[in-house]
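Chemist: Predicted coordinates and the sequence they were generated for:
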Amino acid sequence: MKRSLPAMILSVAFVAFVIAPVRAQDAGSAKTLPAAQTQLPPHSFKLDYTLTEMQDGKKINSRQYTLNLGGGGANGQLWQGQLSVGTRVPVSTDTQGTAQYLDVGTKINSSMQLRGGGEVLDTYCDVTSLVPDEAKIDGRPILRTLTIHNSMPIAETKSMLVGTADDPNSNHEFQLDVTVTELK
C-alpha cells in the first residue's frame, strides 16, 4: 500500500501529537503524584476510650471501651470503627399495636485519616440513659443524653482529652479520654 507524502506527514504528526503528551504525563506523574495517591504500609491502631463521671470534682464512675482500627494504603485512607452497648427500651406503641423502641446506652464511632503526614482521629460519642422510674411522663421514660464529637491530631500512647461536659440536671461532669496505640 503506497501512501502519499501528505498522508504520511499527517499520520506522523497525529502519532507525535497523541504519544508525546502521554509520555510527558508518564514522566511527570512519577514526580508529581498527589499525596492522596502515595502508598503507605498497612497500619492498625488500638483506641482505648475512658468515659469518666465526676461529682464535685471526685471520680464516681469510669467505663472503658476499646476499638481496633486497621487499614493501610493511600494517604487519606479512612479507617472506621463503631462500638455500641446498651438496651432497647419500648417507648410507645403505634396504632397497629407494634412497640416502638429506642436504644439506650453508649455508642462510639471513630474514624482515623492520614492528613498532611499525620493521623487525625474523629470521635463521636453518644451516651443515653434513663432517668429513674419515678420521673416518667404519661408512663413513658425520660432520657438524658450526652454527646461529644471532636476531631484532633493524634499523639500516640498519650492520653488525650476528647471532650468534657457538665450535666445541666446535676453537679456531674463527664470526661472522655482516648489513648491511641499503633499495633505492630
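Modeler: Happy to help now that I have it.

Chemist: got the contact list for the residue most central in space within the chain?
Modeler: The structure's the chain has its C-alpha centroid closest to Ser111; by C-alpha atoms, centre = their mean the separation is 2.1 Å. The contact partners of Ser111, by C-beta atoms under 8 Å, 6 or more residues apart in numbering, come to Leu69, Leu78, Trp79, Gln80, Gly81, Leu121, Asp122. From N, CA and C alone the C-beta is placed, and that goes for glycine too.

Chemist: which among those residues end up buried?
Modeler: Leu69, Trp79, Gly81, Leu121 (16 or more other C-beta atoms under 10 Å).

Chemist: Show me these that map onto helices.
Modeler: Using DSSP state H, no member of the buried ones among the contacts of Ser111 falls in helices.

Chemist: farthest pair in those residues?
Modeler: Gly81 and Leu121 (10.8 Å; C-beta to C-beta).

Chemist: what helix or strand is Thr87 on?
Modeler: strand 78-93 (DSSP states H and E).

Chemist: Quick check: mean pLDDT of that strand?
Modeler: The average pLDDT for strand 78-93 rounds to 86.

Chemist: Report the strands that pair with the helix or strand following it, each with its relative direction.
Modeler: Later in the chain than strand 78-93, the nearest helix or strand by DSSP H and E is strand 99-115. Strand 99-115 sits in its sheet next to strand 78-93 (antiparallel), strand 118-130 (antiparallel), going by DSSP bridges.

Chemist: can I see the domain layout of the chain?
Modeler: 1-32, 38-183 (automatic domain parsing).

Chemist: returning to what we had before: shared neighbours of Gly81 and Leu121, anything?
Modeler: With C-beta under 8 Å, 6+ apart as the test, Gly81 and Leu121 both reach Leu47, Ser110, Ser111.

Chemist: Looking at per-residue confidence, what score does the last one get?
Modeler: Pointing back at Ser111 there. Ser111 is given a pLDDT of 91.

Chemist: rewinding a little: out of the strands paired with strand 99-115, which one sits most buried?
Modeler: Each of the strands paired with strand 99-115 was scored by mean neighbour count; the highest is strand 118-130, a mean of 17, by mean count of other C-beta atoms under 10 Å.

Chemist: And the average pLDDT for it is what?
Modeler: 91.

Chemist: Report the distance from that strand to the chain centre.
Modeler: On the basis of C-alpha atoms, centre = their mean, to the nearest Å, strand 118-130 sits 8 Å off its chain's mean C-alpha point.

Chemist: what sits up against it?
Modeler: By C-beta under 8 Å, 6+ apart, strand 118-130 touches 45, 47, 49, 51, 86, 89, 102-114, 141-154, 162-163, 174, 176, 178, 180.
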